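> predicted model, plus sequence, below.
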Amino acid sequence: MKIQRTLRSTLAIATFLAALQAHSAPLGTGFTYQGRLNDGGKPANGTYDFVFVLYDSATNSVPIYSGVLNDDVQVTDGTFTTQVDFGTDLFNGQERWLGVGVRPGSETGDVTELLPRHQLSATPYAHFARRAAVAETVTSVPWSAIQNLPASLSDGVDNDTTYTAGPGLALTEGNELRIQYAGSGTANTVARSDHDHMGNTWVGSFSGTPGLSVHNTSSGSIGLLGKNDSFGTGFTPLGGAGVFGDSTSNAGVAGFSSTGSGVLGRSLAATGESDAVKGMNASATGRGVAGYALATTGANIGVLGQTDSSSGTAVRGFATATTGTTYGGRFSNVSPDGFAIHGASANSGVAYFQISNRSNNETAIETRNDGMGITAKFTSGASTNALPVVQALHLGHGDGVVATTGGSGSAGNFRALSDFTNNAAVVATGAGKARGLKAVSTSGEAIRAESTGTAIYAKSESGGNALVLDGGAIRVPGAGFNTPTTVFIHRCTSANLLAGAGNFATVIDHPLCNNNPNAILFVTPRINLSTFTGNTYEDLAISWSDDRKRWLIINTSVLDELGDFDVNDSFNVMVVLP
């Protein structure tokens, strides 16, 4: 490819025009280059890549700037215009030559250098700009070189002007104005008189002293007030406050901590009923104090109460209203495996709860369930003591424990998991004529007890009644023919009838009385009137067989026809163990 180039004087003209516009808009560091390009002896058309290199002589092979590549410059009838930018540091008043290389825009190889190089010349105003270089090296200017100097400065000394320091300023003997700073900061800036420090942050290290201290010595006033919105509630606490937060819709005071206490309240009063933390809420459905444990895993605690006093109370609830359905303490649980109330004692004493009622006609514990679940569940897992899970003590004429269910669930479910002999799921004690435990049911079960040991243990220490049933019957679920329940139906079979003298005896095989000669059995015959023939058992006896280790039902009638037991004869049996 044979490429010719023709340079025009447009470069110098563009530089001159740029200098004239220097005061109207900021100048860039580039300049306009316009040329003419022939390709193959004819004016070129199409896109070409141009490389511009800056030299300090016409022949030096080492450039002072390696090159500026302008891709795909449009060339029309041999004419093109483009911008060249070498920056400003290379033009320091010394001579400069511009080298140009070119290649077709569709190629990516080497460029063809166009010779000779073009010397860059200055426009007339560029000569004036060279004088500015002198100002860079000037360190002082004599008074005589300054035009239009005021008369008071003609002697070269400013000693005729009077200066006055305004508010917040100080004037030194050398007429130096200084700002009067206040405080212990190090900043050299001046704040406006109406500044509010909004959004500012103070950082420092002060061991043993507060980072920020606000002290209001007026009694009954507020030391520090923080508002979340425009006006707040306008409420002022009685007796004042050291720190008071006021918000109409958000948190008045909020505290957060990664490892310690988010909010810590402490009362130093040695006497009286002072409060370390006190919550008050005027809403009909609001909460005075609420605690939330947000973690979905782990043994976290929403509200924790602790006392170190030998006679203190960790958590106490007190409802003062004399009417309405109030609650001294109310707890609820959503999880089917959770607990509304969980109490634990690590030392000797009442295992879980001690509930005392000194009112003559009220109830110490009342649980109610209208669904199918368990109203109250109390569990003792200790096997090294004889403490009750629940101890309810009533000193008046009411009831220690009242459990009521309105649905199909259990009003109270008390369970002792240990195998210690004297442990009990429920111990109810009545002093005097009071009842230790009262269970009432309109149609269901008043009491239902299950245990692998003793389900119900009743004792009267003063000659009273250990157990009183007022209406209703004792129901034994699952009782039937030869069932292992305390009440069951014994049926005569060929296997349990004693052969020989006319089937006069039948052997009772039951887990509650087998191998136990001390068991007490109540037996009544079962007679079906529809098949009754007039013959009956005249003399029945219950006897212990020492060789069989079983109890026997014997017909001692002297009449042979009446002394036989037939297959399918049956008897109602109840076993009582001493």
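Ah, there it is.
> contacts, neighbours, all on C-alpha from now
Will do.
> report the buried residues of stretch 106-124.
For stretch 106-124, the neighbour count (16 or more other Cα atoms under 10 Å) marks 112, 113, 117, 118, 123 as buried.
> please identify which of the residues you listed is nearest to residue 30.
Checking the buried residues of stretch 106-124 against residue 30 with Cα to Cα, the nearest one is residue 123 at 15.5 Å.
> could you tell me how far the closest one is located from residue 300?
83 Å (Cα to Cα, to the nearest Å).
> quick one on the thing from earlier: now for the buried residues of stretch 106-124: which two are most distant?
Farthest pair in these (Cα to Cα) is 112 and 123. Separation: 29.6 Å.
> hang on, residue 506 in a strand?
Yes - looking at residue 506 with DSSP: H, G, I helix; E, B strand; the rest coil, it is inside a strand.
> renumber starting at 657 from here on
Yes, from this point I'll number from 657; that puts the last item at residue 1162.
> what number of residues lie near the residue lying closest to it once chain neighbours are set aside?
Leaving aside its sequence neighbours, residue 1162 sits nearest to residue 1153 (Cα to Cα, 6 or more residues apart in numbering; 4.4 Å). Neighbour count of residue 1153, defined by other Cα atoms under 10 Å: 22.
> got it, and residue 1211?
22.
> test my guess that it contacts residue 1197.
Yes - between residue 1211 and residue 1197 there is a contact under Cα atoms under 8 Å: 6.4 Å.
> what about the stretch 1107-1234 of the chain, any weak spots by pLDDT?
Counting by pLDDT under 70, the stretch 1107-1234 of the chain has low-confidence residues at 1109, 1118-1119, 1156-1158, 1184-1194, 1213-1219.
> rerun that using 50 as the cut-off
1215 (pLDDT under 50).
> need the strands for it, in chain order.
1143-1147, 1161-1164, 1176-1182, 1196-1201, 1206-1211, 1226-1232 (DSSP state E, counting those that start in this stretch).
> so the nearest residue to residue 885 once chain neighbours are set aside versus residue 853, what's the distance?
By the measure of Cα to Cα, 6+ apart, the closest residue to residue 885 outside its immediate chain neighbours is residue 903, 6.2 Å from it. As defined by Cα to Cα, residue 903 lies at a distance of 20 Å from residue 853.
> next one: residue 1142
83 Å.
> do residue 1206 as well
Applying Cα to Cα, the value for residue 1206 to residue 853 is 95 Å.
> more crowded one of the two?
Higher neighbour count among residue 1206 and residue 853: residue 1206, with 19 against 8, using other Cα under 10 Å.
> give the contact list for the closest residue in space to the more buried one that isn't next to it in sequence.
Leaving out its chain neighbours, the residue that sits closest to residue 1206 by Cα to Cα, 6+ apart is residue 1170, at 5.3 Å. By Cα atoms under 8 Å, 6 or more residues apart in numbering, residue 1170 lies in contact with 1205, 1206, 1207.
> one more: residue 962?
Shown in contact with residue 962 (Cα under 8 Å, 6+ apart): 969, 970, 971.
> per-residue pLDDT, the last one?
According to the predicted model, the pLDDT of residue 971 comes to 76.
> would you map the helices across this structure?
Using DSSP state H, the helices of the chain run over 666-676, 780-786, 788-791, 1216-1219.
> among those helices, which gets the worst mean confidence?
Looking at these, the bottom one is helix 666-676 with a mean of 40.
> now residue 757. Nearest residue, chain neighbours left out?
With sequence-adjacent residues excluded and distances taken as Cα to Cα, 6+ apart, residue 757 is closest to residue 769, at 4.1 Å.
> correct me, but the one you found touches residue 756?
Yes - Residue 769 lies in contact with residue 756 (Cα under 8 Å); the separation is 5.9 Å.
> how about low-confidence regions in this protein?
Short version for the chain, where the test is pLDDT under 50: 657-658, 661-679, 1005-1008, 1215.
> and it, what are its domains?
Domain assignment of the chain by automatic domain parsing yields the ranges 659-791, 998-1129, 1143-1232.
> straight-line length of the shortest one, end to end?
What it means is domain 1143-1232. One end of domain 1143-1232 sits 9 Å from the other (Cα to Cα).
> stretch 1128-1139 too?
Termini of stretch 1128-1139 sit 23 Å apart (Cα to Cα).
> contacts made by it with the rest, please.
1141, 1142, 1143, 1144, 1145, 1146, 1147, 1166.
> where's the nearest residue to the first one once chain neighbours are set aside relative to residue 974, distance?
Put plainly, it is residue 1141. Nearest residue to residue 1141 in three dimensions, chain neighbours excluded: residue 1135, at 5.8 Å (Cα to Cα, 6+ apart). The gap separating residue 1135 from residue 974 is 48 Å, by Cα to Cα.
> higher neighbour count, the two?
For residue 1135 versus residue 974, the count of surrounding residues by other Cα under 10 Å is larger for residue 1135: 14 against 9.
> the more buried one and residue 1143, how far apart?
Applying Cα to Cα to residue 1135 and residue 1143 gives a distance of 6 Å.
> repeat for residue 897
In terms of Cα to Cα, residue 897 sits 71 Å off from residue 1143.
> same question, residue 705
Residue 705 is 111 Å from residue 1143, by Cα to Cα.
> the two: which is more packed in?
residue 1143 (23 against 19).
> what is that one paired to in the beta sheet?
residue 1230 (DSSP bridges).
> ok, now which ones touch it?
By Cα under 8 Å, 6+ apart, residue 1143 lies in contact with 1132, 1135, 1136, 1228, 1229, 1230, 1231.
> do I have it right that the fifth one meets residue 1145?
If I follow you right, that is residue 1229. Yes - when contacts are counted by Cα under 8 Å, residue 1229 is listed as touching residue 1145 (6.0 Å).
> dump the strands of the stretch 1107-1234 of the chain into a markdown table; add distance to residue 1116 as well.
As requested, the strands of the stretch 1107-1234 of the chain are arranged in a markdown table below (distance: least, Cα to Cα, whole Å):
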| stretch | distance to residue 1116 |
| --- | --- |
| strand 1143-1147 | 25 |
| strand 1161-1164 | 33 |
| strand 1176-1182 | 21 |
| strand 1196-1201 | 30 |
| strand 1206-1211 | 31 |
| strand 1226-1232 | 18 |
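> distance of residue 942 relative to residue 1209?
Distance from residue 942 to residue 1209, by Cα to Cα: 70 Å.
> nearest residue to residue 877 other than its sequence neighbours?
Using Cα to Cα, 6+ apart, the nearest residue to residue 877 is residue 896, at 4.4 Å.
> would you mind measuring from the one you found to residue 872?
10 Å.
> and for residue 1105?
Applying Cα to Cα, the value for residue 1105 to residue 872 is 65 Å.
> this completes my enquiry, with thanks.
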